[in-house]
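# What follows is a predicted protein model with its sequence.
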Amino acid sequence: MCGRYTLYDIDELGEHFGVEIPDDLQPNYNAAPTQEMPVITNQGLELMRWGLIPAWAKDEKIGYKLINARSETVFEKPMWKSIVTKHRCLVPANGFYEWRARTDGKHPLYIHPKKIGLFAFAGIWSSWKHDGAEWLTYSIMTTAPNKEMTAVHDRMPVILHPDDESLWLGADTHDAIETLLMPFTNNSLEIYEVSKNVNTAKTNDATLIKAIA
C-alpha cells in the first residue's frame, strides 16, 4: 500500500507536467491521508483531498479506507471500473514511506527511484458533492511489489515512468490502462531507514527523509 509520501520539488512541477503552480504551494515531506495535495488531470493541476470519496457516499469517512486502489481488481468492481475508465490522474511525488516489521516494532523506510527525482503515481479521482460544496478526492493505485520491495511489503504504489504519464491520462481502452499498472522495474529503488518522527503526520520537514544508521 502507500500511506505516506513526499512532494518537495515544487519548482519542477510546472515544467514537468506543463501546469501552472499555485503561489502558496509548499513542499510536503509527510503527505498523509485527508491532506490536500496537488494532482494532475487532463484539465491541469487540481488540489484534491487524499482518500477517494465516491459520488454515492453518504459521508466523508469512507475516504479513510480508500487511499489506495488495487490494480488487480479495479476492473472487477463497478465503482472502481467507472472511475478508472473516466477519472484518472497523476499524483506527483518524490518518494514514499513504508514500514518494515522487526522484533522491536515497525521501522519506517523511505523509498524513491534512484534515477528519477520528480515522478507520478498512477491515481484515480472522484467528485463528491455535500452540503452545497464539491470535494475533489483521489486514490493511489497499488500493485504487486517489484524485486526490491518484496522484502519490505507485499504491495507498492504504481510508479509511472515519465514516458507513460501522458498515456495514463489519455488511455481509452481496458488493455491500455491495465498495461500501465505494473511494478516499477526499469530503474532501481533506493530504500533506507528513516526516523520514526514520520509516524506523526504533523511533523513535516526535510529531516524526515534523512537516512539513519
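Happy to help now that I have it. Numbers count the residues shown, from 1 in each chain.
# For Thr173, report the pLDDT, please.
For Thr173, the pLDDT comes out at 88.
# Quick check: it vs Thr85, distance?
Distance of Thr173 to Thr85, given as Cβ to Cβ, to the nearest Å: 9 Å. C-betas here are computed from N, CA, C, even on glycine.
# Tell me which of the two has more neighbours.
Taking neighbours as other Cβ atoms under 10 Å, Thr173 and Thr85 compare with Thr85 leading, 16 against 9.
# so Leu52 touches Thr137, yeah?
Yes - using Cβ atoms under 8 Å, Leu52 is in contact with Thr137, at 4.9 Å.
# need the contact list for the spatially most central residue of the chain.
In the chain, the residue lying closest to the centroid (Cα atoms, centre = their mean) is Ile140, at 4.3 Å. Residues near Ile140 by Cβ atoms under 8 Å, 6 or more residues apart in numbering: Cys2, Tyr5, Trp50, Ile67, Asn68, Ala69, Val91, Phe121, Ala122, Gly123, Pro157, Val158.
# if we go to 10 Å?
1-3, 5, 50, 52, 67-69, 89, 91, 93, 96, 121-124, 157-158 (Cβ atoms under 10 Å, 6 or more residues apart in numbering).
# Okay, now the unreliable bits of this structure?
186-187 (pLDDT under 70).
# All the helices of it, residue numbers only.
Assigned by DSSP state H, the helices in the chain fall at 10-17, 78-86, 165-170, 174-179.
# quick one: which of the ones you listed is nearest Ala201?
Proximity of the helices of the chain to Ala201 was assessed by Cβ to Cβ; the nearest stretch is helix 10-17, lying at 19.3 Å.
# in that closest one, what counts as buried?
Ile10, Leu13, His16, Phe17 (16 or more other Cβ atoms under 10 Å).
# with the residues you listed in mind, which one is nearest to Thr34?
Nearest to Thr34 among those, counting by Cβ to Cβ, is Ile10 at 20.5 Å.
# And the strands in the protein?
Assigned by DSSP state E, the chain shows strands spanning 4-7, 28-31, 36-41, 44-50, 68-70, 88-93, 95-102, 105-113, 119-130, 133-143, 156-157, 159-160, 189-193.
# List the strands paired with the first one, with their directions.
So the one you mean is strand 4-7. strand 28-31 (antiparallel), strand 95-102 (antiparallel) (DSSP bridges).
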